[in-house]
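Participant: Can you look at this prediction? I've put the sequence above it.
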Amino acid sequence: MGEILREAGFPDVSVRRLAFGTLALHTATKPDRSVGKGSHLDAQGSGPVIGNVTTASGLGVEGGPLTLRWPVDGASWNSSVAQLDSPHALQSWEWGEFRRQAGWVPTRVLFERGGRPVAAVSFLRRATPMPGWGVGYVPKGPIVDSRADDVWPEVLAHVARIAKDTRCIFVKIDPDIEASRSDIRRTMREVGFKPSRQQVQYPSTMIVDTDGSDDVLLSRMKATWRRYIRKAERDGVTVRLSAGTTDVTRFMDIYRETAKRDGFIVRPDSYYAKGLGFLQPSGRASLWLAERDGELLAGAVVLSHGSRAWYLWGATSQLGLETHAMYRLQWEAIRSSRDSGCTAYDMWGAPDIMGDETDPLKGVAYFKAGFGARHVNWVGALDYVVNPALNSLWLEAVPRAFSVLRKFRGERTGHAVVVPG
């Protein structure tokens, strides 16, 4: 352990073994105050961002010069990201501000060609207990417009540069790029991004294409799903959008009920309340509720950005299962996303291999496939490692800590499963 830390740049370190196999570490190295000096500093001093407009010489050879723009205000950022043909809500301004509350500091960079956005990077950095070092994450990014695939090398190289300039042990990316894109995967390897041992988001998903009328969308569903939707409506299940904070409390009640029944992890209520507080006012997130006679049966948080929507969190009470409330709720959310201009409704999370009976998400996949959702494998998470020694320490310590905590709580990760009964 001491040797690993010394290789990582901590010259004066001592290690003592305490009871129960615990190690006590002491370093004489003071925190590095030079993080980001000269390049990636927030203009307000709140953390690392870039701060100017630059025309990068030699970049974007196929389509002309590539311009990097920063800092960018919230409205301009969201508008630019939405113009890309594959935007993601986790790269939105609001998501970055939401994660800022947990200590992640956003750095946002737009890549433009001929005055039009072709790529975007919302880079989140968080400090670690290791003095002067942080970790980086680009949630569901970088986003690169498919009409400008030639800029991938420059965008990835810039992500790596931010990681180096801000002293990140590593930076993790997990863009929505299909695993079949061997050309982009090759570019990632050439720049130095390698498949990660730690996934943050599900590397596979189910997507409902919303490019059709009600009749077309219903025709793509399984007959049982259509029957459950109509039966729920006949049985008095109504669906509406939330309009107040009281609904968040009610949603959390059945969310905890669902978590207890299905055995997945629930964060503190404040996490979801803060998330909705940042995401709802701008319309980035919507809270959908299914009720009967005033009783909440099911709820779902749906994100949207540009041409895409995502089913993020969902919960169903026991009575909701019996009345098929979530089927009706999902149908209304899918229709609403289409009516607002979305062409894809991502149901977020699926087994990597459809039909794998051993995968804990098999029930989730069955539920989502019933809506006509297609299975998609993404490239998954990739890491660019700046400090290999500290990265090795991080890879060993963090998973072990989470594993012990989850075992102690008796928890497992996963989605709430809603299967026909």
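Facilitator: Arrived safely. Numbering: from 1, shown residues only.
Participant: in the stretch 251-400 of the chain, which segments are predicted with low confidence?
Facilitator: Residue ranges of the stretch 251-400 of the chain with pLDDT under 70: 398-400.
Participant: Run through the helices of it in chain order.
Facilitator: For the stretch 251-400 of the chain, the helices defined by DSSP state H, counting those that start in this stretch occupy 269-279, 318-323, 325-339, 362-369, 388-409.
Participant: Same check on the stretch 101-250 of the chain?
Facilitator: Under DSSP H, counting those that start in this stretch, the stretch 101-250 of the chain gives helices at 152-165, 182-191, 214-220, 223-234, 245-262.
Participant: Nearest to Tyr366, out of those?
Facilitator: Nearest of the helices of the stretch 101-250 of the chain to Tyr366, taken as Cβ to Cβ: helix 223-234 at 10.7 Å. Using the backbone N, CA and C atoms, a C-beta is placed for each residue, glycine as well.
Participant: Next, the angle helix 325-339 makes with the closest one.
Facilitator: Relative orientation of helix 223-234 and helix 325-339, computed by axes from the mean of the first three to the mean of the last three Cα atoms, to 10 degrees: 100 degrees.
Participant: tell me the domain ranges of the chain?
Facilitator: Domain assignment for the chain by automatic domain parsing gives 1-30, 35-201+379-386, 205-377.
Participant: Turn those into JSON lines, including mean neighbour count and distance to Leu393.
Facilitator: Output for the domains of the chain, formatted as JSON lines (neighbours: other Cβ atoms under 10 Å; distance: least, Cβ to Cβ, whole Å):
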{"stretch": "domain 1-30", "mean neighbour count": "12", "distance to Leu393": "5"}
{"stretch": "domain 35-201+379-386", "mean neighbour count": "19", "distance to Leu393": "8"}
{"stretch": "domain 205-377", "mean neighbour count": "18", "distance to Leu393": "25"}
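Participant: want to throw those into JSON lines with distance to Leu395?
Facilitator: Output for the domains of the chain, formatted as JSON lines (distance: least, Cβ to Cβ, whole Å):
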{"stretch": "domain 1-30", "distance to Leu395": "11"}
{"stretch": "domain 35-201+379-386", "distance to Leu395": "6"}
{"stretch": "domain 205-377", "distance to Leu395": "21"}
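Participant: and Trp394, which of the ones you listed is closest to it?
Facilitator: Trp394 lies closest to domain 35-201+379-386 among those, at 5.9 Å (Cβ to Cβ).
Participant: Lowest average confidence across the helices of the stretch 101-250 of the chain, which one?
Facilitator: Among the helices of the stretch 101-250 of the chain, helix 245-262 has the lowest mean pLDDT, at a mean of 92.
Participant: what's the angle between it and helix 269-279?
Facilitator: Inter-element angle recorded for helix 245-262 and helix 269-279: 130 degrees (by the same axes, to 10 degrees).
Participant: counting contacts, what elements does helix 245-262 pack onto?
Facilitator: In this structure, helix 245-262 packs against helix 269-279, strand 285-292, strand 295-305, strand 308-316, helix 318-323, with contacts taken as 3 or more Cβ pairs under 8 Å, 6 or more residues apart in numbering; DSSP states H and E.
Participant: If you compare the directions of that helix and strand 295-305, what angle comes out?
Facilitator: Angle, helix 245-262 to strand 295-305, by the same axes, to 10 degrees: 100 degrees.
Participant: quick one: helix 245-262 to strand 285-292, angle?
Facilitator: 80 degrees.
Participant: Surely Gly314 is in contact with Ala298?
Facilitator: Yes: taking Cβ atoms under 8 Å as the definition, Gly314 is a contact partner of Ala298 at 7.4 Å.
Participant: Show me whatever sits in contact with both of the two.
Facilitator: By Cβ atoms under 8 Å, 6 or more residues apart in numbering, Gly314 and Ala298 have these common neighbours: Met326.
Participant: just so I know, which of the helices of the stretch 251-400 of the chain lies nearest Gly132?
Facilitator: Checking those against Gly132 by Cβ to Cβ gives helix 388-409 as the closest, at 10.5 Å.
Participant: List the contacts of the closest residue to Gly74 other than its chain neighbours.
Facilitator: For Gly74, ignoring the flanking residues on the chain, the nearest one in space by Cβ to Cβ, 6 or more residues apart in numbering is Trp93 at 4.2 Å. Counting by Cβ under 8 Å, 6+ apart, Trp93 makes contact with 74, 77-78, 108, 122.
Participant: Quick one: these as CSV, columns for pLDDT and distance to Gly294 too.
Facilitator: Formatted as CSV, these follow (pLDDT from 0 to 100; distance: Cβ to Cβ, whole Å):
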residue, pLDDT, distance to Gly294
Gly74, 96, 37
Trp77, 98, 40
Asn78, 97, 36
Arg108, 98, 43
Ser122, 98, 40
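Participant: Please identify which of the residues you listed is nearest to Val239.
Facilitator: Val239 lies nearest to Asn78 out of those, by Cβ to Cβ, at 27.1 Å.
Participant: Please name the nearest non-neighbouring residue to the closest one.
Facilitator: The spatially closest residue to Asn78, leaving aside those adjacent along the chain, is Trp93, at 5.2 Å (Cβ to Cβ, 6+ apart).
Participant: Neighbours of the nearest residue to Gly380 once chain neighbours are set aside, how many?
Facilitator: Closest residue to Gly380 in three dimensions, ignoring its sequence neighbours and counting by Cβ to Cβ, 6+ apart: Pro203, at 3.7 Å. Pro203: 19 surrounding residues under other Cβ atoms under 10 Å.
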